[in-house]
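Asker: Sequence first, predicted model second:
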Amino acid sequence: MGTEGSCRSATGRPAAARGPELEPLGRAARDDDEETVRALLDEGADVNGRSPGGLTALMLAAGAGAYRAADALRENGAYVALRDEQGRSALDFAEEGAARHPDVPGYPVIVTDLEKYFGKRADFATTMERAVRFGDPEHDIWMRMGWTLDTWADDETVAGAEAALNSPRAPERYFAARLMGFFCLYNASLRNGAHRRRQATGLLRARLAVEEHPAVLGLLIRGLAMQSGFADDARAILRHAGHPHADVRAAVAFAVEATTEPEDRAALQALLTLARDPSAEVRGHAVAHLSALVGRPPSVHTGVHTALRRALYDPDPSVVHDAACALGSLGTGRPLPFRAEQILVRRWLDAGETRHYAPAWQVIGQWSREHLWEVRDSLPDE
């Protein structure tokens, strides 16, 4: 129950949001109608305009946990420090909403976005917990909390990630493994970014040696590939190529880099095996890597050609596309299966204005116009 004078309803929205006098921008913000918010702003609505009670649209969005609308308002210059007639800021509304409705992820997203403007900073564990308690790693809040920590990129962040990677809770290890996988990769303004990436690599490498949870293991492998490449951790990664869980095998197929040189025999053999995996994702990564070997000196291993010819008949169109692009670009005159040609043409057409830069064009460009039209006209309606 709210105390007398509270501006919140049972849903966590400001009480003024229920009234008919709400400004259109404030109403759209409260309802998390991002499209309408942006349209109103484009039409000239005052991003800092007030509704009854001195409520700005950003306060209304924060009070409703409407983080997409809050994003749109912030991007268009909403003042974070403004306060309503009772002296409350958008951050106050978001913090109260988070306390009242811990099952609504929009509140901690807004709190995390706004608190830095008030000289506040949640520690690593608090920021991580804001994401982890919602369970679904695909939810926006996981990405938002990760990017927040990546922005800090300091000793506290590294220490927090190390503690999380050694946590008995798999979701915490998952969060930290994903964060370390992209840590400082995209923060171009960071002077010590290379040092932070080396730290991330060390943490990922240490955890890879002992991790057993398949989802976490897959992230560790992918993270190492992104942070330091494959060569330095080839043996540690390849030992998981036969893992019973498809997510782990997909990570290995994503990470492996091979040539046809004798010293890369183990990596090449792993790719050839993974190209026949029951999982389409695993086959897709493996065939993409094998396709990159075609046409490079020394002469491509016969096994690579065999694997790619087999992939032309794969049930997954993406696998067929990569194999057809590789083999078709050789110009040997050996025909592709008609279904493979259809897949190439479909991908080429879907590329729109960039179609002449699409990989499929390297093959289609060798065809006669009549043959292209024949394949195009045979495509089933989508």
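Answerer: Cool, the structure landed.
Asker: distance of Thr259 from Ala231?
Answerer: Using CB to CB, to the nearest Å, we find Thr259 at a distance of 11 Å from Ala231. The way it works is simple: take the backbone N, C-alpha and C, and place the C-beta from them, glycine included.
Asker: Could you list every helix and strand that whichever strand or helix holds Gln269 packs against?
Answerer: In this assignment (DSSP states H and E), Gln269 forms part of helix 265-274. Helix 265-274 sits against helix 234-238, helix 246-255, helix 280-291, helix 302-311, with contacts defined as 3 or more CB pairs under 8 Å, 6 or more residues apart in numbering; DSSP states H and E.
Asker: elements contacting the last one?
Answerer: Helix 302-311 sits against helix 265-274, helix 280-291, helix 317-328, with contacts defined as 3+ CB pairs under 8 Å, 6+ apart.
Asker: ok, residues contacting it?
Answerer: Contacts to helix 302-311, defined as CB atoms under 8 Å, 6 or more residues apart in numbering, come from residues 260, 268, 271-272, 275-276, 283, 287, 290-291, 293-294, 319-320, 322-323, 326-327.
Asker: Buried only: go through these for me.
Answerer: Neighbour-count burial (16 or more other CB atoms under 10 Å) is assigned, among those, to 260, 268, 271-272, 275, 283, 287, 290-291, 293-294, 319-320, 322-323, 326-327.
Asker: And the helix holding Gln269, how far out from the chain middle?
Answerer: Shown here is helix 265-274, whose average C-alpha point lies 27 Å from the average C-alpha point of the whole chain (CA atoms, centre = their mean, to the nearest Å).
Asker: And stretch 94-106, by the same measure?
Answerer: Shown here is stretch 94-106, whose average C-alpha point lies 25 Å from the average C-alpha point of the whole chain (CA atoms, centre = their mean).
Asker: Could you do stretch 204-217 as well?
Answerer: Between the mean C-alpha location of stretch 204-217 and the chain-wide mean there is a distance of 20 Å, by CA atoms, centre = their mean.
Asker: gap between the two ends of that stretch?
Answerer: Between the opening and closing residues of stretch 204-217 there is a gap of 10 Å (CA to CA, to the nearest Å).
Asker: next one: stretch 285-305
Answerer: With CA to CA as the measure, stretch 285-305 spans 16 Å from end to end.
Asker: and Phe230, what is it in contact with?
Answerer: By CB under 8 Å, 6+ apart, the contact list for Phe230 reads 237, 255-257, 267.
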